[in-house]
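**Student:** any chance you can model this:
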Amino acid sequence: MNMTVVEESVGKFRDALFAGIQGIVKAAEIYVAAIDDDPKAADLFRDQCADLVPASAWGQLEAVGRKWLHPRLIMGGMADRRKAACVKKLPYSLQERIFNRDRFPLLVSGGDLMQVDIMEATSEQVEQLCDGQAIRTIAEQKAYVEAKALYKRESPEDTEPMPYTIQDGRVHFRRGVSMTRSEIKRLLQEM
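**Tutor:** Numbering: from 1, shown residues only. Alright, predicted model coming up:
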């Protein structure tokens, strides 16, 4: 197969896939219009289209029809589940901007800004950018980063080892150990 044939095939594939997505959007809009007229119509749709639409997909179809959820999110438009979960919580207008590959300012170390395409960003960057309702401002991102750093510093039990180890039902203490009441209580709970 030569490159022009492959490129032509890719073009046809993209066109067909786009038409499929537009078809899903149109079907979702028809479904929403019908259930807005009569909420009991949902049962009829589910019964008569059970061979085409799984029972678990009707909620997503309604969300697409109401423009709460971008259709690419139900088509697997984001492989990373954590990123997709953040983007699903955003308003539809922001979802649209994300899939149109808009760039958003991201605060990085040293106070610098980087323009980020959320489709290419890491999960951690997306969590910093998205608060579940909107894209965080630079000031909100700074507060988020500082709060996260503070939380890491305040949980020393994750980083500092306990002054003992438990093996075979026995407690082995390190030399010069002093323990608080809560540490002894924790020790007894671990045994």
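**Student:** how about the helix or strand hosting residue 149: buried residues?
**Tutor:** Secondary structure from DSSP states H and E places residue 149 in helix 138-154. Buried residues in helix 138-154, counted by 16 or more other C-beta atoms under 10 Å: 141, 144. (C-beta placed from N, C-alpha, C; glycine too.)
**Student:** and it, how far out from the chain middle?
**Tutor:** 20 Å (C-alpha atoms, centre = their mean, to the nearest Å).
**Student:** pLDDT on that helix, on average?
**Tutor:** Averaged over helix 138-154, pLDDT sits at 85.
**Student:** residue 50 belongs to a strand?
**Tutor:** No: Residue 50: not assigned to a strand; according to DSSP: H, G, I helix; E, B strand; the rest coil it is coil.
**Student:** so which residue is dead centre in the protein?
**Tutor:** Geometric centre of the chain, nearest residue: residue 85, 2.3 Å, by C-alpha atoms, centre = their mean.
**Student:** pLDDT score for that one?
**Tutor:** 89.
**Student:** what's in contact with whichever helix or strand comes after the helix holding residue 149?
**Tutor:** Sequence-wise, the next helix or strand downstream of helix 138-154 (DSSP H and E) is strand 164-167. Residues from elsewhere that reach strand 164-167, judged by C-beta atoms under 8 Å, 6 or more residues apart in numbering: 171-174, 177, 187, 190-191.
**Student:** ok, now stretch 49-67?
**Tutor:** 24-25, 27-33, 35, 42, 45-46, 69-71, 74, 92.
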